[in-house]
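A.B. asks: could you look at this predicted model? Sequence included:
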Amino acid sequence: MSEPTSPEKIFPVSWDQFHRDARALAWRISADGPFEAIVCITRGGLVPAAVVSRELGIRLIETICIASRHNYRDQGELMILKQVAKDVVDKAGGKGAGVLVVDDLVDTGKTAGVVREILPDAHFATVYAKPKGRPLVDTFITEVSQDTWIYFPWDMGLAFQPPIAKGPVG
Ligand SMILES: O=P(O)(O)OC[C@H]1O[C@H](OP(=O)(O)OP(=O)(O)O)[C@H](O)[C@@H]1O
Ligand code: HPA
Ligand SMILES: [Mg+2]
């Protein structure tokens, strides 16, 4: 995906907003439980998983470590660096029933599709969703267009903003 140029194609998220959205996700999921374990998709899923586990009182947290963007935005070959532990997969019939899978967002759905193959009966939750990946998630909070890039707070820092009107600053 090329760099978006118009402001509406850029979706920056502050820590505050991310916390609020992750907590809203926990509220929305709470009726679908109880869940025995969370499987979070690293690395992006680590942050919402911390918030959701605190809100829903889930203390068994497992990871599946997947890397797909080896070069910032360019999606490359999807690599599973660490699988889900067998005892978590084996819960409730071996297909992930009672397991909550958490990620920060679903974009093309490639990552979610791979995890769904491993845990077909798990409940899949992301904070944000883009249209292509949306059918793969059970619960999400905010949808953005496919050509929007979401900037997460852990990828950003404070920076000077030039005024909207052109011309010399000051
Ligand atoms: O729906 P998809 O097109 O598969 O994209 C979504 C995935 O891409 C990002 O992870 P990434 O692989 O970049 O790694 P990271 O979580 O370590 O940043 C994001 O955190 C999702 O896991
Ligand atoms: O919009 C995005 N933002 C950050 N990481 C991502 N990984 C896939 N899509 C995105
Ligand atoms: Mg990720």
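C.D. replies: Ah, there it is. Ligands and ions are numbered 1, 2, ... in the order given.

A.B. asks: quick check: residues of this structure near ligand 2?
C.D. replies: 105, 107, 149-150, 152 (Cβ under 6 Å from any ligand atom). (Each C-beta comes from the backbone N, C-alpha and C, glycine too.)

A.B. asks: swap in 8 Å and give it another go.
C.D. replies: Contacts of the chain with ligand 2, taken as Cβ under 8 Å from any ligand atom, map to 1, 11, 44, 68-69, 73, 75, 104-105, 107-108, 128, 130, 144, 148-152, 155.

A.B. asks: tell me the centre residue of this protein?
C.D. replies: residue 104 (1.5 Å; Cα atoms, centre = their mean).

A.B. asks: show me what the strand or helix carrying residue 22 is packed against.
C.D. replies: Using DSSP states H and E, residue 22 falls within helix 15-30. If you count contacts as 3 or more Cβ pairs under 8 Å, 6 or more residues apart in numbering; DSSP states H and E, helix 15-30 packs onto helix 46-56, strand 123-129.

A.B. asks: repeat that with 10 Å
C.D. replies: When contacts are defined as 3 or more Cβ pairs under 10 Å, 6 or more residues apart in numbering; DSSP states H and E, helix 15-30 sits against helix 46-56, strand 99-106, strand 123-129, strand 142-143.

A.B. asks: identify the residue nearest the residue of the chain found nearest ligand 1 in space, chain neighbours excluded?
C.D. replies: Nearest residue of the chain to ligand 1 (Cβ to the nearest ligand atom) works out as residue 44 at 2.8 Å. Distances taken as Cβ to Cβ, 6 or more residues apart in numbering place residue 104 nearest to residue 44, at 3.6 Å, with adjacent residues excluded.

A.B. asks: can you tell me how far the one you found is from residue 160?
C.D. replies: Using Cβ to Cβ, to the nearest Å, residue 104 is found at 27 Å from residue 160.

A.B. asks: what about the protein, any weak spots by pLDDT?
C.D. replies: Applying pLDDT under 70 to the chain picks out residues 1-8, 70-74, 92, 167-170.

A.B. asks: coming back round to it: same list (the helices and strands packed on helix 15-30) but as a markdown table, adding distance to ligand 1.
C.D. replies: Below are these laid out as a markdown table (distance: least, Cβ to the nearest ligand atom, whole Å):
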| stretch | distance to ligand 1 |
| --- | --- |
| helix 46-56 | 8 |
| strand 99-106 | 5 |
| strand 123-129 | 8 |
| strand 142-143 | 13 |
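
A.B. asks: this completes my enquiry, with thanks.
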